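next comes the sequence, and after it the predicted model I'd like to discuss.
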Amino acid sequence: MKFSKFGQKFTQPTGISQLMDDLGDALKSDQPVNMLGGGNPARIDAVNELFLETYQALGNDGSFREDINSTATSSMANYSNPQGDAAFIDALVGFFNRHYDWNLTAENIALTNGSQNAFFYLFNLFGGAFSDEKSKSVDKSILLPLTPEYIGYSDVHIEGQHFTAVLPHIEEVTHEGEEGFFKYRVDFEALESLPALTEGRIGAICCSRPTNPTGNVLTDEEMAHLAEIAKRYDVPLIIDNAYGMPFPNIIYSDVTLNWDDNTILCFSLSKIGLPGVRTGIIVAAPEVIAAVSAMNAVVNLSPTRFGASIATPLVENDAIKDLSDNDIKPFYQQQAKTAVTLLKKELGDYPLVIHKPEGAIFLWLWFKDLPISTSELYETLKEKGTLIVPSQYFFPGVDVSDYQHAHECIRMSIAADEDTLAKGIAVIGEVVRKLYDEAK
């Protein structure tokens, strides 16, 4: 059977498909697997209890009865319009205006079937073939001001990959008084001298905050500088808040969240503990929302309403913010401390450097001068029942063939229970120690 070029693009092996396939295989395995590779959020009792109570309340108000006036019935048994569930959008408008004074209206928010769906829309809206004033075709890229970046961005363009990326400054730092840490910072000098930017071949600037995979949190100064550059070149600044403010708020540094008409903010219900409901949120200028809504109509008819139904009361009464601030963020902050302690115990005398834990649900580990690539390390660890993600997939827009750093890092989830975390890190320690020892 022959596929079109479109079909061939989506059927060839990719980093994200390999990751999801391996995670699925691990879940079906009859052997124990230390799941340190995926992006699934942790099971936190307070989170699960609140969602269960909310879900039960949906059933109690008539969602399974033939009551057309029931809020839950109308949510579950009817399509929303392509923009998304109106009640949830109204709740979000109230929430953001209440906490940030952005003066949003319903025309500023659209829902999608998860963040991946949102970035498929946005990257194809702003990256790819454009017609200029003279009707000439211009290929525009999405500018990633700091790599490594999210693995799921790489293959969402319909035709090819349209990314321009900037490698980071790598700065050695201390963390809680300890050495052995580093931090990525935006290389603004390299960014602002990019020919693609100065010649009008950038369609949008995009960053995640905190960054998946590294947990890096761009400072307010870095964000303000990126916003200024975006306005100067008349392109939008897209910010992926899947792990950020205000929910799930897995950010440990003191930063602020800003929005204006040139900014597109993306949020998700996944990392607050609802990955299965596939609910993404876009806050943007009305013309962007209209475009996303039109794409929803073609691709999905309308976004799913189940996640919106669960989240609406939690947004209206600020329970989602309280849960994020008081349960989700402290949980991951403690997990990060536990994981760092275990890693230092296993590899404290070896060339391991950890990206400073500033947020998200991962640690980013750099094995300097590792004798093999971390893609090979990934296969060895998988054979030993431990899943991580190798670094080479996190550099969209970069030719990593001659960039050694891109082959020396791994992303490790800290969302697992403490026993799995300890067992997985012990396996990583055993394998990596042996590699370094045998290379001496």
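Good, I have the coordinates.

C-alpha only now, for contacts and for neighbours.
OK.

tell me which element the nearest residue to residue 155 once chain neighbours are set aside falls in.
Closest residue in space to residue 155, ignoring its immediate chain neighbours: residue 161 at 6.6 Å, by C-alpha to C-alpha, 6 or more residues apart in numbering. Following DSSP states H and E, one finds residue 161 outside all helices and strands.

so what's residue 161 up against?
Residues near residue 161 by C-alpha atoms under 8 Å, 6 or more residues apart in numbering: 154, 155, 397.

tell me where the stretch 251-400 of the chain has strands.
Under the criterion DSSP state E, counting those that start in this stretch, strands of the stretch 251-400 of the chain are mapped to 263-268, 280-283, 352-355, 362-367, 386-387, 389-390.

secondary structure class for residue 430?
helix (DSSP: H, G, I helix; E, B strand; the rest coil).

for it, give me the pLDDT.
We have a pLDDT of 97 for residue 430.

do residue 8 as well
79.

in the helix or strand where it lies, which residues are buried?
Element membership for residue 8 (DSSP H and E) is helix 5-11. By neighbour count on 16 or more other C-alpha atoms under 10 Å, the buried set for helix 5-11 is residue 9.

what about residue 164, neighbour count?
Residues lying near residue 164 (other C-alpha atoms under 10 Å) number 21.

any idea what it is bridged to?
residue 143 (DSSP bridges).

so which of the strands of the stretch 251-400 of the chain is nearest residue 36?
Closest to residue 36 of those is strand 386-387 (C-alpha to C-alpha; 5.3 Å).

run the chain-centre distance for that closest one.
The chain centre lies 20 Å from the centre of strand 386-387; the measure is C-alpha atoms, centre = their mean, to the nearest Å.

check which helices and strands it is in contact with.
strand 34-35, helix 418-439 (3 or more C-alpha pairs under 8 Å, 6 or more residues apart in numbering; DSSP states H and E).

and these, which is most packed in?
Stretch with highest mean neighbour count among the helices and strands packed on strand 386-387: strand 34-35 (a mean of 24; mean count of other C-alpha atoms under 10 Å).

how far off centre is the helix or strand that that strand is followed by?
Next in sequence after strand 34-35, counting helices and strands by DSSP H and E, comes helix 45-58. Distance, stretch centre to chain centre, for helix 45-58: 24 Å (C-alpha atoms, centre = their mean).

so which bits of helix 45-58 are buried?
Those would be 47, 50, 51, 54, 55, 58, for helix 45-58 by 16+ other C-alpha under 10 Å.

what's the domain layout of the protein?
As assigned by automatic domain parsing, the chain contains the domains 5-45+326-439, 79-322.

least confident of the ones you listed, on average?
Among the domains of the chain, domain 5-45+326-439 carries the lowest mean pLDDT, at a mean of 91.

quick one: the helices in the stretch 301-440 of the chain?
Secondary structure of the stretch 301-440 of the chain by DSSP state H, counting those that start in this stretch: the helices cover 306-316, 319-323, 329-347, 374-383, 418-439.

now swap in the stretch 1-150 of the chain and tell me
Under DSSP H, counting those that start in this stretch, the stretch 1-150 of the chain gives helices at 5-11, 15-28, 45-58, 71-77, 86-100, 115-126.

in JSON lines: the ones you listed, plus distance to residue 182.
What follows is those, written out as JSON lines (distance: least, C-alpha to C-alpha, whole Å):
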{"stretch": "helix 5-11", "distance to residue 182": "36"}
{"stretch": "helix 15-28", "distance to residue 182": "25"}
{"stretch": "helix 45-58", "distance to residue 182": "32"}
{"stretch": "helix 71-77", "distance to residue 182": "47"}
{"stretch": "helix 86-100", "distance to residue 182": "32"}
{"stretch": "helix 115-126", "distance to residue 182": "28"}
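
residue 269 is nearest to which of these?
Closest approach to residue 269 among those (C-alpha to C-alpha): helix 115-126, 8.9 Å.

which residues are in contact with the closest one?
So helix 115-126 is contacted by 112, 140-142, 152-153, 156-158, 203-204, 242, 266-268, 278-282, 292, 295 (C-alpha under 8 Å, 6+ apart).

got the CA coordinates for that helix in PDB?
Extracted C-alpha coordinates of helix 115-126, given in PDB (Å, rounded to 0.1, in the frame of the first residue of the first chain):
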ATOM      1  CA  SER A 115      -1.000  20.600  23.900                       C
ATOM      2  CA  GLN A 116       0.400  18.500  21.100                       C
ATOM      3  CA  ASN A 117      -2.700  19.300  19.100                       C
ATOM      4  CA  ALA A 118      -2.200  23.000  19.900                       C
ATOM      5  CA  PHE A 119       1.400  23.000  18.600                       C
ATOM      6  CA  PHE A 120       0.400  21.100  15.500                       C
ATOM      7  CA  TYR A 121      -1.900  24.000  14.700                       C
ATOM      8  CA  LEU A 122       0.400  26.900  15.800                       C
ATOM      9  CA  PHE A 123       3.500  25.600  14.200                       C
ATOM     10  CA  ASN A 124       1.700  25.100  10.900                       C
ATOM     11  CA  LEU A 125       0.100  28.500  11.100                       C
ATOM     12  CA  PHE A 126       3.400  30.300  11.600                       C
END
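
what is the burial count for the residue nearest to residue 417 when sequence neighbours are not counted?
Spatially, and ignoring its direct neighbours in sequence, residue 417 is nearest to residue 42 (7.7 Å; C-alpha to C-alpha, 6+ apart). Residue 42 is flanked by 19 other residues according to other C-alpha under 10 Å.

contacts only, for residue 42.
By C-alpha under 8 Å, 6+ apart, residue 42 lies in contact with 273, 415, 416, 417.

which one (most neighbours) among those?
Ranked by the number of neighbours (other C-alpha under 10 Å), the contacts of residue 42 place residue 415 first, at 25 neighbours.

I figured it hits residue 44, correct?
No. Under the criterion of C-alpha atoms under 8 Å, residue 415 makes no contact with residue 44, lying 9.6 Å away.
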